[in-house]
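Asks: 3D model of this:
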Amino acid sequence: MNTLLPRVFIAATRQNDGKTTTSLGLLAALREHYPRIGYIKPVGQRFVEIEEQKIDEDPVLMDAVYKLNCPLVDMSPIAVEPDFTRKYLQASNNEALVKRIQKAFDRVAWEKDFVLCEGSGHAGVGAVFDLSNATVAKILGAKVVIVSRGGIGKPIDEVALNQALFEKEGVEIIGVILNKVIPGKLEFVSDFARRGLKRKGLELLGVIPHQPILSRPTMASIKEELDARVLCAAGSETQTVREVIVGAMGVQNAQRFFKPGTCLITPGDREDLLLAAAATAPSAQGETLAGIVLTEGMEPSASVMKVLKNMPFPVLLAEKDSYEVASTVHEMLVKTRPNDIEKIELIRDLIGKHVDVKRILARL
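Replies: All right, here's what the predicted structure looks like:
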């Protein structure tokens, strides 16, 4: 396996800490120093099927945004299917998996100046099939940057826990990036987190302010999560949903919640609410409701459908009841998608401004 090419491994202290967001922004920042960059996520757990191959979502995102000129199957050599762990425990094939990762890395690294490697969570994720993030970083010969959620005590505690496993594998940690920090506390958190990490022999490489838009879903992601059917395709499914309301009240009370960016969840027979939502005037900037999700597989009457089809926002139909739909949307793990142009631009700006990329490169 190629051992000479510069590389870095991005890990996190837990799920949804901002590992992919950091990787997405770092790719743009690193390109200013290394024009030809490769990317690999050796072990992925959320995948899509592309040409009969199971590919993790993150390589798909990175390739769509940056046109990396790497085969997707090499950027995502191992996709953990639901029965992957059971099969592995029945008949261990660790050597074959390690070789698959190494060969994929070599293909990704071909004619590149740098490779960014993204892990699949904290240091121990994947240990059950002998490919923890710490082990994979060792296999790749990569130094690690850990991403943790904003704060002081809890993130440093979690970083220390991960540090122990990486060090056990002989993997060097370059430093730590804190994500989702309350903007008004940036200086305070930076100061004390830097002191706390220094006591652990670690360096603070960046503190990224929390941006609510990055954790808000779009109508497209809601449609996918609910496996909903599109009844009216007007407007943009990429509009960010700022607020979700459930139509379990009278029209007069509900109307005050009909604001730009709101997603209304209601059964299809609440035609009074649907007509009231349709009558909501756009904002001065031309913004409208984000969309409507009809529940219980219940379509409104033909006359109401005719009104909805003329609205400048999408209308979806889900089979679940309103409570289940609202719960699903509330608990969604929001991932950045290739068509989330506004989010991607924001992520690039955040990483470029708040992460010391030159320091990362110097440590490599």
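
Asks: ok, residue 21 - contacts?
Replies: 179, 214, 336, 347 (C-beta atoms under 8 Å, 6 or more residues apart in numbering). Where you see a C-beta, it was placed from the backbone N, CA and C, and this is true even at glycine.

Asks: mind doing that once more with 7 Å?
Replies: If a contact means C-beta atoms under 7 Å, 6 or more residues apart in numbering, then residue 21 has 214, 336, 347 as its contacts.

Asks: which SS class is it?
Replies: Assigned with DSSP: H, G, I helix; E, B strand; the rest coil, residue 21 falls in the helix class.

Asks: for it, give its distance to residue 362.
Replies: 23 Å (C-beta to C-beta, to the nearest Å).

Asks: go on, residue 313?
Replies: Applying C-beta to C-beta, the value for residue 313 to residue 362 is 49 Å.

Asks: OK, contacts around residue 283?
Replies: Going by C-beta under 7 Å, 6+ apart, residue 283 touches residue 260.

Asks: what segments of the stretch 1-150 of the chain are helices?
Replies: According to DSSP state H, counting those that start in this stretch, the stretch 1-150 of the chain carries its helices in the segments 19-30, 57-66, 72-75, 84-90, 94-109, 133-140.

Asks: lowest average confidence, helix or strand, in this structure?
Replies: Lowest mean confidence among the helices and strands of the chain (mean pLDDT, DSSP states H and E): helix 251-254, at a mean of 82.

Asks: quick revisit: among the helices of the stretch 1-150 of the chain, which is nearest residue 218?
Replies: Evaluated with C-beta to C-beta, the helices of the stretch 1-150 of the chain place helix 57-66 nearest to residue 218, the distance being 13.9 Å.

Asks: neighbouring contacts of that closest one?
Replies: 20, 24, 27, 39, 41, 44, 46-48, 68, 72, 75-76, 118, 335-338, 344.

Asks: how far away is the most far-flung residue of the chain relative to its centre from residue 264?
Replies: Residue farthest from the centre of the chain, counting by C-alpha atoms, centre = their mean, is residue 303 at 39.8 Å. Separation of residue 303 from residue 264 (C-beta to C-beta): 19 Å.

Asks: how is this structure carved up into domains?
Replies: Split into domains by automatic domain parsing, the chain comes to 7-211+337-363, 217-330.

Asks: to residue 1, which of those domains lies closest?
Replies: With C-beta to C-beta as the criterion, residue 1 lies closest to domain 7-211+337-363 of the domains of the chain, at 4.2 Å.

Asks: gap between the two ends of that closest one?
Replies: 11 Å (C-alpha to C-alpha, to the nearest Å).

Asks: show me what the longest strand along the chain is packed up against.
Replies: When the chain is parsed with DSSP state E, its longest strand is strand 173-181. Here strand 173-181 touches strand 143-149, helix 153-168, helix 186-199, strand 204-209, helix 357-363, going by 3 or more C-beta pairs under 7 Å, 6 or more residues apart in numbering; DSSP states H and E.

Asks: ok so, going back, want to try TSV for the domains of the chain, with distance to residue 1 as columns?
Replies: Formatted as TSV, the domains of the chain follow (distance: least, C-beta to C-beta, whole Å):
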stretch	distance to residue 1
domain 7-211+337-363	4
domain 217-330	36
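
Asks: ok, of those, where does mean pLDDT dip lowest?
Replies: The weakest mean pLDDT among the domains of the chain belongs to domain 217-330, with a mean of 89.

Asks: let me know which of the helices and strands packed on strand 173-181 is tucked in deepest.
Replies: The highest average neighbour count among these, using mean count of other C-beta atoms under 10 Å, belongs to strand 143-149 at a mean of 25.

Asks: that one pairs with which strands, and in what direction?
Replies: Looking at strand 143-149 with DSSP bridges, its partner strands are strand 7-12 (parallel), strand 173-181 (parallel).

Asks: and that strand, how far out from the chain middle?
Replies: Chain-centre distance of strand 143-149: 15 Å, with C-alpha atoms, centre = their mean, to the nearest Å.

Asks: what's residue 326 sitting at in phi/psi?
Replies: Main-chain torsions, residue 326, degrees, to the nearest 10: phi -60, psi -40.

Asks: is it true that it touches residue 265?
Replies: Yes: taking contacts as C-beta atoms under 7 Å, residue 326 lies within contact range of residue 265: 5.4 Å.

Asks: overlap in contacts of these two?
Replies: With C-beta under 7 Å, 6+ apart as the test, residue 326 and residue 265 both reach 244, 246.

Asks: quick one: which of those two has more around it?
Replies: residue 265 (27 against 19; other C-beta atoms under 10 Å).

Asks: related to what we said a few turns ago, of the helices of the stretch 1-150 of the chain, which stretch is the most buried?
Replies: Burial of those is given as mean neighbour count (mean count of other C-beta under 10 Å); helix 133-140 ranks first at a mean of 24.

Asks: mind giving me the packing neighbours of that one?
Replies: Secondary-structure packing of helix 133-140 (3+ C-beta pairs under 7 Å, 6+ apart): strand 7-12, helix 94-109, helix 153-168.
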